[in-house]
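Novice: Structure here, sequence nowhere to be found:
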């Protein structure tokens, strides 16, 4: 070789060049070793040739030496991904911001953002892959959590039974679920962009409270919906900025709940007034029992031409009218002990029709349409007559210019949806009694107070306001309910529903008669005196007691002689049923007749039994003696209570 052509290597320039090269190599090594991003060099087959400490730490290797020689295929979360990755690099020669999902040695996933450069030989064959990785696992997991929350929100939002809306700051609807579409009567797409104000009655509360809501973050409001024939009330819960700065409105139709609350409040008011009315009526019944009893005793000793007889008869009539009023009070308050029995309402209407025609004017026609089969229900026969009469009189008063009243009976099968909210479980076969007129109708305002006591639309002095209230009490005490309607065309419809009953076969009792001893227990002196006098006048031996304890003492000493216990129900210290139980335990064949204005203090079972009877106050003397005679004439059936 020509020495003149060989460069001198041992020269200052060469030394500087070598030092520069070594410094650059050192800087590269420092950059490679200290870089925060992972750097890896591998063959297309997957052999890991080199890597920096950051890459080793990312994959969970203890050191770089441990990582060297690893097959890259084993580091991919899905083995097939490596092959696809290499093939894509061959086609593009370089990959930027490529998402690669690896797997750490402990099995945990590693999400990376990767830039890869391929090195190719002179034939263009890929011989080496140089990758630069950033660990984005935390951001990917955060993104996944956000997406999951979004998915859950959307699932809850769209599947919710309550109406849900997303609103912007101007209350424009940006999203709505199917329940909202059903509530507002629009398709979900038709709701988008519309303002909430367009669907609720604007009482200024929505606008006034909106900024307060934005500041507080949560408020609750009630609104009335627009576009409904009957007012609909929605309860809206607002929550601020629940999603992308938008506000959530959860709306629920509470119209039925409000109606039920109003009914319960009205029932509570009726119950409270009923308590007062029942207590007053009970005391009046005692007074009326004495008045009517003594009046009949005096009339029994007066000849037809006696000058005092007319005055006594007027006293008797006044007492009987007062008795009707107290019965209305007790019925309204549901404190009258009804004598429930199987009654065919077809027969009731047939017997009542002549009287109904007499109370109507000539310009009012009455049509009565019975059921095609026996309409048997469990009810007090006298009280249902009272209820029908009140309804017909109510219709008569709504026909000042004449008209028509139609009364009909029909069997109907009611589904739970057709029952009142509080009676869904009692659906089934009912007997419906309707009183229909073509009169002036009933306004919604009046309908809301229709069954309240002392409420009347008549002129002062022309109505007590107890007629419909007592009908309400009779029907509900008989396990029934009332539906009132007043169509736009005019008139009114009162529909009374009673559970239908399969009629039982009545058994015949043989009668026996004998002179008997009666133990009378009554704490009201005037009632006890008149009842004792009436019974003695009819040939009975009467033992009187003012208290249950006194009565029991008498019974113990004369148990063999006493045939019947006649006792008030409500008395101080011990009630009538408790006294009867003591006496019957000592004499099982004892007959018991309870008398009372109402029977709240005693369980219903106290008035049930072959040897037990009940007589409501006030009663006429003939009613008392008949009840006593009927009970004593029954054959003995063993234990009474």
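Specialist: Perfect, thanks for sending it. The structure presented is a predicted model; accordingly, all values stated were derived computationally and were not measured.

Novice: Helices of the stretch 251-400 of the chain, start to end?
Specialist: 255-300, 309-332, 345-359, 381-397 (DSSP state H, counting those that start in this stretch).

Novice: among those helices, which is nearest residue 368?
Specialist: helix 345-359 (5.2 Å; Cβ to Cβ). Yep, even glycine has a C-beta here, placed from its N, CA and C like the rest.

Novice: doesn't residue 113 make contact with residue 137?
Specialist: No. Between residue 137 and residue 113 there is no contact under Cβ atoms under 8 Å: 10.4 Å.

Novice: Quick check: pLDDT value at the closest residue in space to residue 78 that isn't next to it in sequence.
Specialist: Take residue 78 and drop its neighbours on the chain: the residue closest to it by Cβ to Cβ, 6 or more residues apart in numbering is residue 101, 7.1 Å away. Turning to residue 101, the model gives it a pLDDT of 89.

Novice: Are we agreed that residue 101 is in a helix?
Specialist: No. Under DSSP: H, G, I helix; E, B strand; the rest coil, residue 101 sits outside any helix and is assigned strand.

Novice: Specify the beta-bridge partners of it.
Specialist: residue 111 (DSSP bridges).

Novice: Buried residues in whichever strand or helix holds residue 529, which are they?
Specialist: Using DSSP states H and E, residue 529 falls within helix 525-537. Of the residues in helix 525-537, 527-532, 534-535 count as buried by neighbour count, 16 or more other Cβ atoms under 10 Å.

Novice: count of neighbours near residue 74?
Specialist: Here the number of neighbours of residue 74 (other Cβ atoms under 10 Å) works out to 13.

Novice: Give me the phi and psi for it.
Specialist: Backbone torsions of residue 74, given as degrees, to the nearest 10, read phi -70, psi -20.

Novice: now it: how far from residue 236?
Specialist: In this view, residue 74 and residue 236 are 58 Å apart by Cβ to Cβ, to the nearest Å.

Novice: now residue 110
Specialist: Distance of residue 110 to residue 236, given as Cβ to Cβ: 47 Å.

Novice: tell me the contacts of residue 171?
Specialist: Neighbour list for residue 171: 195-197, 206, 210 [criterion: Cβ atoms under 8 Å, 6 or more residues apart in numbering].

Novice: Okay, and which of these map to helices?
Specialist: Taking DSSP state H, the ones among these that sit in helices are 206, 210.

Novice: ok, of the contacts of residue 171, which come out buried?
Specialist: Using 16+ other Cβ under 10 Å, the buried ones in the contacts of residue 171 are 196-197, 206, 210.

Novice: So among those residues, where is pLDDT lowest?
Specialist: Lowest model confidence among these falls on residue 206, which carries 72.

Novice: Hmm, residue 199 and that residue touching each other?
Specialist: No. Residue 206 is not in contact with residue 199 according to Cβ under 8 Å; the separation is 10.7 Å.

Novice: got any ranges where the stretch 501-641 of the chain has weak pLDDT?
Specialist: Along the stretch 501-641 of the chain, segments meeting pLDDT under 70 span 503-514, 598-608, 636-641.

Novice: Helices of that one, residue ranges please.
Specialist: Here the stretch 501-641 of the chain has its helices, by DSSP H, counting those that start in this stretch, at 525-537, 548-557, 576-586, 621-633.

Novice: Show me the one of those that comes nearest residue 182.
Specialist: helix 576-586 (54.8 Å).

Novice: Next, the buried residues of the helix or strand harbouring residue 146.
Specialist: Assigned by DSSP H and E, residue 146 belongs to helix 137-159. Counting neighbours by 16+ other Cβ under 10 Å, one finds that the buried residues in helix 137-159 are 137, 140, 157.

Novice: Just give me how far that helix sits from the chain centre.
Specialist: 36 Å (Cα atoms, centre = their mean, to the nearest Å).

Novice: quick one: contacts of that helix?
Specialist: 109-112, 164, 166, 175, 177-178, 242-243.

Novice: can we see that at 6 Å?
Specialist: 110-111, 164, 177 (Cβ atoms under 6 Å, 6 or more residues apart in numbering).

Novice: Now the element after that helix, going C-ward?
Specialist: Counting by DSSP H and E, what follows helix 137-159 is strand 163-167.

Novice: other SSEs contacting that next one?
Specialist: When contacts are defined as 3 or more Cβ pairs under 6 Å, 6 or more residues apart in numbering; DSSP states H and E, strand 163-167 sits against strand 173-176, helix 178-184, strand 246-253.

Novice: Of residue 110 and residue 236, give the one with the bigger neighbour count.
Specialist: A count of neighbours by other Cβ under 10 Å puts residue 110 above the other of residue 110 and residue 236, at 21 against 18.

Novice: OK, contacts around the more buried one?
Specialist: Contacts of residue 110 by Cβ under 6 Å, 6+ apart are 102, 104, 137.

Novice: What's the mean pLDDT across stretch 31-47?
Specialist: Here the average pLDDT along stretch 31-47 is 88.

Novice: Buried by neighbour count: which residues of it qualify?
Specialist: 37-42, 44, 46.

Novice: Give me the pLDDT value at the nearest residue to residue 385 once chain neighbours are set aside.
Specialist: In space, residue 385 comes closest to residue 352 once its chain neighbours are excluded; the distance is 5.5 Å by Cβ to Cβ, 6+ apart. Residue 352 carries a pLDDT value of 85.

Novice: Same question for residue 500.
Specialist: Confidence score, pLDDT, at residue 500: 90.

Novice: Likewise for residue 259?
Specialist: 78.

Novice: before we move on, what about residue 173?
Specialist: Per-residue pLDDT puts residue 173 at 89.

Novice: Can you tell me who it pairs with across the strands?
Specialist: If you apply DSSP bridges, the partners that residue 173 bridges to are residue 167.

Novice: Residue 406 too?
Specialist: Beta-bridge partners, per DSSP bridges, of residue 406: residue 367, residue 436.

Novice: That one and residue 308: what is the separation?
Specialist: From residue 406 across to residue 308, the span is 48 Å (Cβ to Cβ).

Novice: neighbour-wise, which of those two wins?
Specialist: residue 406 (17 against 10).

Novice: Hmm, residue 365 and the more buried one touching each other?
Specialist: No. Using Cβ atoms under 6 Å, residue 406 is not in contact with residue 365; the gap is 9.0 Å.
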